[in-house]
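Colleague: Sequence plus predicted model, see below.
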Amino acid sequence: MNASTEQRAGNERGGGILRKLLPTSSTAIDNPEALRRNARRRAFIGSIGVPIMGILIVLVFAVIAENFLTGGNIKNIFAEAALPMIAAIGLTVCLAMGEFDLSLNGVAGVATVLVAVLVSRDGVGTVPAVAIGLGVGVLVGLINGIFVGYFGVTALIVTIAVNSILYGWEFVISGSSQVFGNFPPGFVNFARGEAAGIPNLVIVAVVVILLVWVILERTTLGRQVRAVGGNAEAARIAGVNTARVRVAGFVICAVCAALAGVLFAGKQSSAFPLSGLDLLLPSFAACFIGAAMFKLGEFNVPGTVVGVMITEVVSNGLTLMNVPTYASYFLQGAILLIALLFARAVAGRSAA
Amino acid sequence: MSGGATAIEVVDVYQTYPGVQALSAVDLRIAEGEVVGLVGHNGAGKSTLTRIVAGVERPTIGKVLVRGEEMAFADPQDAINAGICVVPQALNVVPNLTVLDNIALGTPVRGLIPRRGAQSRRSLQRQIEEVAVALGIEDELSLKAGFCSPSVQRLVMVGRALLRRPAVMLLDEPTAALHPDEAERMFSAVESLRAEGMAILFISHRLEEVLRVCGRVVAMRQGKVVTETESSRLTKTGLAELIAGEGVDVTAAGRRESAAPEDDGDREVVLRCEDLRVAPRVHGVSLDAARGEIVGLAGLDGSGCADVLRAIAGLDRPAGGRLYLHDKRLPHSRPAAVDMGVAYLPGDRVHNGVIPEMSVAATVTLSDDRAFRLARRIPLLRVRKEAAAVNTLLEKLDLHPRGAATRKIKQLSGGNQQKALMARALISGADLYLFDQPTEGVDIGARHEIHRHVRSLAAEGGSVLVTSSEPEELVELCDRVIVIRDGKIVSEMADATEAQIVQASLVG
């Protein structure tokens, strides 16, 4: 095999889930000029496509919905975005590792119900209750990671199964009844309050964003996560303990979802099984939108941040326009599909 | 020469890749009812020639004629339509389908949706039965392919090709994974196809079976046909000499075995490998490597050289035997082997080496980034320091473009990717270096550079095991060459010549 064909083959492979999900067409394989043109077009879409889409969405709502561009509403958008943001940032790590986590709703739901029961019925203090809630995240992440990393089972199926078990647990923990009352005021005030005009939840989300960005871009673990996602066999050959990396990735993802769930309990000061945060589709949509910008074709933290903001702006705008609630189902699906198209457009074969 | 009409003819074909003349002035003619053997060492041009005949590649210069008519294949389907079928080396059967269904795979059957060329189930079944009788697998038709012997599975692939009623068949290493007894079934099937007038190109490393099965043998070396002779006028050793390129007495290679450098008193053994067995290809290999020594492992594709390295690197679990590094047992775990000081450069760079989206710096430091951490125990990376250090290192390796540390590895050419992977081994400070095909697909300049660094690793006290499909590379680089054939050591030579290595790997 000569060098240039090998190189081309190398460029076609890897890239984790994006490439698996979105096989690129085989046109232009023997036409370097077309390849370069393609790459340039992708880079163009990537650098400006998603931001332009975001600006357009904002403009459209600014015209249609009268309260949209007010200070109060903008603050509201950020406050609403905080919890989905935390979960989506966690999922970014998992996707960068080339794995799926479909147990986000289950983890967040159990964390919500568990913390609510602990503070409301059992009179446990806020700090230990929150710690236990996050501990559930660690535990679920360990289970997911051990099944995928050490037993080699497909993450898609493992996390669906785990999610179902977690749904069941929400009923067991809560005794199938609504949990409310007796919430410590400190907990509720923190979740609803703000500091220097910035909602506390937004501050927590920013801390999570910075932390996960550092992990993914500036630590050995982050390197290894991306290596496993890009070419797991090559990572193993280089000496990366791929099973342990997978466990770590799933733990980070599940802890983030649990954190979102715990804060949701404080914000609502009540909980009911299966009526917690709906994180799954918005998080996936945000990550895939994010993969179409900044680091083209790769899941990355800044991209996910923008992705979450876009999904939140759209849902906020539609709420202002008094669109019925069930529209959010249409909306979530449509946004995910559009995000996939964007990701596909930039995830193709890049220039040699 | 065979009396039949010419089925296929390749006339004066040249094939040029960037920097490589893969074929020059190659002629090949196969008549109906003739079996022609195609032999040659790795890289002699056999694969290129078959890819041209099968329509996968187009020759730079030259013609392919089928029944006297000139062809210009745009893709493999054109070649199939013209009556040329390739039975590839890789086994490709679905284990939980029956032999009959496996043969039928890929042939359209008439059903609810009309399709061009589709035929009724009954007529297809009749055809498959005929084919099965010709191949001698009629008794196995209703068995699941997974339960059948490897020879039957291989014949299933031949049967699948036969349904397209080809005039020419290319059998690529049809006996590669077969036990000698199993191979007999393949030979009788080939003979019965030949008797029915099929033109067959039989590509094999096993010279004895080529001489037995083929009427005529075409031997290639360095992209040229070196001989085209009736097989009755050839001997196995004679053929091996033609492939190797120098007339050397085979026994000379054997005699050198005792000359292994063991008399040296202060030889410090680093790696000891005792009776290593790895399924399915390594059957008891014992070797050692001393401090400062470069040991070459030679062998044809599938001989087991690469598997020996993988097992030592901790990637594959050996079925038996013991591995010691400095008298300590080597574990069957890659991370643990890295910690003990075993560096490994994988053979298949595209699948096993490159992580396309990674930066060059991260590729180099993936095995060990402790030097670039904020503190040894705090895994925060100082990326600027890392990039600077990697750039300095890559400059020594003459990697282009300069300052590539922050680029993605996929943006480099193949040879430069290899240098980056080489750099990973260089900074490892390991005691044992395993290099699987270190210069495969790299240009001549990069090759010299890589050789220079392998030598300096040894000079600094490292112990090196190298494999290569090019014997001259091992001659140039190694203190000692071990030849492996069918998973066993057949020869060990202190100062081997190219021809001796080729001979030993072919004849054993």
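Modeller: Yep, that arrived.

Colleague: In the stretch 1-150 of chain B, what residue lies closest to chain A?
Modeller: Residue nearest to chain A within the stretch 1-150 of chain B: B:Tyr17 (3.8 Å; C-beta to the nearest C-beta). (Each C-beta comes from the backbone N, C-alpha and C, glycine too.)

Colleague: how much space between that residue and B:His451?
Modeller: 22 Å (C-beta to C-beta, to the nearest Å).

Colleague: Equivalent analysis for B:Asp27, please.
Modeller: Here the criterion is C-beta to C-beta. By it, B:Asp27 lies 36 Å from B:His451.

Colleague: Check which element follows the lowest-mean-pLDDT helix or strand in chain B along the chain.
Modeller: Using mean pLDDT, DSSP states H and E, helix B:250-255 stands out as the lowest-scoring helix or strand of chain B, at a mean of 37. Next along the chain after helix B:250-255, taking DSSP states H and E as the criterion, comes strand B:269-278.

Colleague: Would you mind checking the average pLDDT for that next one?
Modeller: Averaged over strand B:269-278, pLDDT sits at 92.

Colleague: by contact count, what packs against it?
Modeller: The contact analysis (3 or more C-beta pairs under 8 Å, 6 or more residues apart in numbering or on different chains; DSSP states H and E) places strand B:269-278 against strand B:282-290, helix B:305-312, strand B:320-325, strand B:463-467.

Colleague: Give me the contacts around it.
Modeller: Outside strand B:269-278, the residues that touch it by C-beta atoms under 8 Å, 6 or more residues apart in numbering or on different chains are B:282-291, B:304, B:307-308, B:310-312, B:316-327, B:431-432, B:463, B:465.

Colleague: Partner strands of it, with direction?
Modeller: Strand B:269-278 has the following strand partners under DSSP bridges: strand B:282-290 (antiparallel), strand B:320-325 (antiparallel).

Colleague: Which among the ones you listed is found nearest to A:Ile89?
Modeller: Checking those against A:Ile89 by C-beta to C-beta gives strand B:320-325 as the closest, at 42.7 Å.

Colleague: on that earlier part again, looking at the strands paired with strand B:269-278, which is nearest to A:Ile215?
Modeller: In terms of C-beta to C-beta, the element of these nearest to A:Ile215 is strand B:320-325, at 33.8 Å.

Colleague: now that closest one against helix B:305-312, angle please.
Modeller: Between strand B:320-325 and helix B:305-312, the angle comes out at 70 degrees (axes from the mean of the first three to the mean of the last three C-alpha atoms, to 10 degrees).

Colleague: Helix or strand: which one has the closest residue to B:Ala446 other than its chain neighbours?
Modeller: Spatial nearest neighbour of B:Ala446, chain neighbours left out: B:Gly415 (4.0 Å); criterion: C-beta to C-beta, 6 or more residues apart in numbering or on different chains. Element membership for B:Gly415, per DSSP H and E: helix B:414-426.

Colleague: which element follows that helix toward the C-terminus?
Modeller: Counting by DSSP H and E, the next helix or strand C-terminal to helix B:414-426 is strand B:432-436.

Colleague: ok, residues contacting that next one?
Modeller: Strand B:432-436 is contacted by residues B:270-271, B:289, B:305-306, B:309-310, B:312-313, B:325, B:341-347, B:425, B:454, B:457, B:462-467 when judged by C-beta under 8 Å, 6+ apart.

Colleague: Mind listing residues that contact the next helix or strand after that strand?
Modeller: Moving toward the C-terminus from strand B:432-436, the next helix or strand (DSSP H and E) is helix B:444-459. The contact list for helix B:444-459 (C-beta under 8 Å, 6+ apart) reads B:19, B:292-294, B:397-398, B:415-416, B:418-419, B:422, B:425-426, B:433, B:435, B:438-439, B:442, B:464, B:466, B:473, B:476-477.

Colleague: now with 6 Å?
Modeller: Contacts of helix B:444-459 from elsewhere in the structure, counted by C-beta atoms under 6 Å, 6 or more residues apart in numbering or on different chains, are B:292, B:294, B:398, B:415, B:422, B:433, B:438-439, B:464, B:477.

Colleague: and stretch B:471-483, how far out from the chain's middle?
Modeller: Mean-position distance between stretch B:471-483 and its chain equals 18 Å (C-alpha atoms, centre = their mean, to the nearest Å).

Colleague: So the residue nearest to B:Lys410 when sequence neighbours are not counted, which state does it fall into?
Modeller: Nearest residue to B:Lys410, sequence neighbours excluded (C-beta to C-beta, 6+ apart): B:Pro356, at 3.9 Å. Here B:Pro356 is coil, with the state taken from DSSP: H, G, I helix; E, B strand; the rest coil.

Colleague: B:Leu380 is in contact with B:Leu374, isn't it?
Modeller: Yes - taking contacts as C-beta atoms under 6 Å, B:Leu380 lies within contact range of B:Leu374: 4.2 Å.

Colleague: For the stretch 101-250 of chain B, which segments count as strands?
Modeller: Secondary structure of the stretch 101-250 of chain B by DSSP state E, counting those that start in this stretch: the strands cover B:168-172, B:199-203, B:216-221, B:224-230.

Colleague: nearest to chain A, of these?
Modeller: Chain A sits nearest to strand B:168-172 of all the strands of the stretch 101-250 of chain B, at 15.7 Å, using C-beta to the nearest C-beta.

Colleague: quick one: average pLDDT of the closest one?
Modeller: Strand B:168-172 comes out at a mean pLDDT of 91.

Colleague: go on, stretch B:202-216?
Modeller: 87.

Colleague: who's in contact with that stretch?
Modeller: Applying C-beta under 6 Å, 6+ apart, the external contacts of stretch B:202-216 come out as B:34-39, B:46, B:171-173, B:187, B:190, B:217, B:230-231, B:236, B:239, B:300.

Colleague: now stretch B:419-431
Modeller: Outside stretch B:419-431, the residues that reach it (C-beta under 6 Å, 6+ apart) are B:270, B:341, B:343, B:345, B:353, B:360, B:363-364, B:367, B:393, B:397, B:399, B:433, B:450.

Colleague: nearest to chain A, of these?
Modeller: For those, the closest approach to chain A (C-beta to the nearest C-beta) belongs to B:Ser367, at 4.5 Å.

Colleague: and that closest one, what does it touch?
Modeller: Contacts of B:Ser367 by C-beta under 6 Å, 6+ apart are A:238-239, B:338, B:424.

Colleague: Closest to B:Pro59 out of the residues you listed?
Modeller: B:Arg424 (38.5 Å).

Colleague: on that earlier part again, with just CA atoms, put the helix holding B:Gly415 into CSV.
Modeller: Output in CSV follows, covering the C-alpha atoms of helix B:414-426 (Å, rounded to 0.1, in the frame of the first residue of the first chain):
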residue,chain,number,x,y,z
GLY,B,414,2.0,8.3,6.6
GLY,B,415,5.8,8.5,7.1
ASN,B,416,5.6,11.4,9.5
GLN,B,417,2.8,9.7,11.4
GLN,B,418,5.2,6.7,11.8
LYS,B,419,7.9,9.1,13.1
ALA,B,420,5.5,10.5,15.7
LEU,B,421,4.7,6.9,16.9
MET,B,422,8.4,6.2,16.9
ALA,B,423,8.9,9.3,19.0
ARG,B,424,6.5,7.8,21.6
ALA,B,425,8.9,4.8,21.9
LEU,B,426,12.0,7.0,22.0
